[in-house]
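# got a predicted model here, sequence first, then my questions.
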Amino acid sequence: MDATIDDEVLQQEEVEALAAHSSPRVGDASPRQAGKLDDIARKVSEAGPGDKSIVSPSERSMAQRRNGAFRIAQHVLRKVATAGIAVVAVLVALVTWDQYNAGPWTRDGRIRVQVASVAPEISGKITELRIVDNQFVRKGDVLYVIDPFDFDVALHTNKAILQQKVADLNVKELQSERRRRLSDLASSTEEKQVYEGSALQAKAAVDSAQEQVRQAEINLRRTEVRSPVNGIVTNLLLREGDYAHQGATNVSIIDTDSYWVDGYFEETKLARLCVGDRAEAKLMGYSAPIVGHVATVTRGVSVSNAAAATQGLPNVDPVYTWVRLAQRVPVRIMIDKVPPGVPLVSGLTATVTIRDGKDGDNETLLQRVRAELESSFFGLVGEASARPGCISGPSSP
């Protein structure tokens with residue numbers, strides 16, 4: 001900048017010398033010389049910044065003031081931008097610290113489901129298989145059929161025995177009724193009691209035969225093994241001709257009405273959980289989250305130090321004084337909404353994030369930010385205060 005000003009000063013002096021040398025003395029001025037001076041003035045006014053030009057002292061001072069003001073404004077803007085970037089960086093660092101270290105979220109989540117293990121209540125050969133692997137079935141649908149021949153024979157046999165018992169009961173009741181009507185001279189009291197007892201025995205035999213018929217009917221119906229739930233048949237290895245053993249599981253059905261999410265949260269984050277809070281579970285490979293709410297918090301995890309070692313002595317694991325790993329506590333998330341196209345498969349990994357859906361509605365943004373920061377840092381050092389009424393105490397239901 002100084003070199004540019006020096007060049008301008010030299011240019012000014014050269015032009016002034018040229019003007020003085022070319023200027024006429026008093027009385028010697030001519031129209032030709034006046035026109036030459038006008039041309040010089042015009043060239044000076046039209047000269048660009050890269051040309052050798054003439055700059056007046058007032059214009060030179062004004063340019064210097066403008067350049068100084070521009071340098072000051074540039075310096076101030078640079079300072080403000082640096083301070084703004086630093087503030088944004090600190091805020092981003094705080095938010096990242098909060099979400100990663102103290103926020104109620106975990107990558108250790110799993111999709112869970114109940115599985116119905118179907119076992120026949122009778123034994124027999126499978127004559128008809130009506131399902132295939134991964135087929136959806138409804139509650140009450142027939143899965144497979146066991147050969148009903150033996151059970152049909154047992155039913156007819158028990159019905160015949162029942163008819164026999166009923167006929168015997170009718171005879172003995174008539175005999176007891178006739179003896180009861182005779183006088184003591186025609187039939188003794190003892191004889192009447194004997195016939196009455198025979199009639200009661202026949203009645204008991206009829207009742208037993210009726211129950212056997214009912215049992216035979218139920219066993220015949222049990223030859224059709226039905227689904228106990230709405231679900232999907234999984235890992236089917238059964239085929240026609242296999243022998244079904246009573247009480248042995250041979251079909252597994254995933255209950256599609258029982259899906260839930262288990263989030264295994266660190267114990268340092270339990271203070272920021274509340275039963276009923278909104279929860280989001282994002283599966284690996286899918287961007288849309290599964291929406292649910294916190295249903296329950298598990299009240300016990302296994303403690304390895306409680307196991308007895310040799311001679312019944314406690315087996316206590318050594319730990320480092322300054323390094324302590326936080327225990328993981330299962331939190332059950334009930335599913336409220338599943339996005340379209342997201343499959344529910346038991347065992348899939350999910351990232352579970354808890355959203356506070358109760359207390360933050362009536363607070364301002366500043367109050368929420370302050371509460372989040374306090375919970376973050378206090379929770380990190382183990383001094384976070386629990387939210388009242390979130391998780392019931394040991395004596396509460």
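Received, thanks. Residues are numbered from 1 along each chain as shown.
# now do stretch 144-155: distance from first to last residue.
Start to finish, the residues bounding stretch 144-155 are 21 Å apart (CA to CA, to the nearest Å).
# swap that for stretch 337-352, please
OK, stretch 337-352 end separation, CA to CA: 14 Å.
# please compute how far it lies from its chain's middle.
Mean-position distance between stretch 337-352 and its chain equals 7 Å (CA atoms, centre = their mean, to the nearest Å).
# tell me where the model's unsure across the stretch 1-150 of the chain.
Low-confidence segments of the stretch 1-150 of the chain, defined by pLDDT under 70: 1-60, 63-64, 98-99, 102.
# in a strand, that's where residue 294 is, yeah?
Yes: the assignment for residue 294 is a strand, going by DSSP: H, G, I helix; E, B strand; the rest coil.
# residues near it, how many?
Neighbours of residue 294 under the rule other CB atoms under 10 Å: 23. C-beta coordinates here come from the backbone N, C-alpha and C atoms, glycine included.
# which residues touch it?
Counting by CB atoms under 8 Å, 6 or more residues apart in numbering, residue 294 makes contact with 273-277, 279, 331-333, 354.
# stretch 311-329: how far from the chain's middle?
Put simply, stretch 311-329 sits 30 Å off its chain's centre (CA atoms, centre = their mean).
# keeping just the C-alphas, turn that stretch into CSV.
Provided in CSV are the C-alpha atoms of stretch 311-329 (Å, rounded to 0.1, in the frame of the first residue of the first chain):
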residue,chain,number,x,y,z
GLN,A,311,-15.7,-74.9,49.6
GLY,A,312,-18.6,-72.5,49.3
LEU,A,313,-16.5,-69.4,49.5
PRO,A,314,-17.7,-66.4,47.5
ASN,A,315,-16.1,-65.9,44.1
VAL,A,316,-15.4,-62.1,43.9
ASP,A,317,-14.0,-60.8,40.6
PRO,A,318,-11.2,-58.2,40.9
VAL,A,319,-11.9,-54.7,39.5
TYR,A,320,-9.8,-51.7,38.8
THR,A,321,-10.1,-48.8,41.2
TRP,A,322,-10.5,-46.1,38.6
VAL,A,323,-12.2,-48.1,35.8
ARG,A,324,-15.7,-49.4,36.4
LEU,A,325,-17.9,-50.8,33.7
ALA,A,326,-21.5,-49.8,33.9
GLN,A,327,-24.0,-52.7,34.2
ARG,A,328,-26.6,-53.1,31.5
VAL,A,329,-30.2,-53.1,32.5
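# buried residues in it?
Within stretch 311-329, the residues that count as buried by 16 or more other CB atoms under 10 Å are residue 329.
# could you do stretch 113-133 as well?
Within stretch 113-133, the residues that qualify as buried are 113, 116, 118, 120, 122, 124, 126, 129, 131, counting by 16+ other CB under 10 Å.
# just these: which are in helices?
With DSSP state H as the criterion, helices contain none of the buried residues of stretch 113-133.
# got TSV for these, with distance to residue 198 too?
What follows is the buried residues of stretch 113-133, written out as TSV (distance: CB to CB, whole Å):
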residue	distance to residue 198
113	60
116	50
118	47
120	42
122	36
124	39
126	47
129	52
131	53
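# determine which two of these are furthest apart.
Using CB to CB, the pair of the buried residues of stretch 113-133 lying farthest apart is 113 and 124, separated by 30.5 Å.
# do I have it right that residue 223 meets residue 149?
No: in terms of CB atoms under 8 Å, residue 223 does not count as a neighbour of residue 149; the distance is 9.3 Å.
# looking at the two, which one has more neighbours?
Legend: neighbour count by other CB under 10 Å for residue 223 and residue 149, higher for residue 223 (24 against 12).
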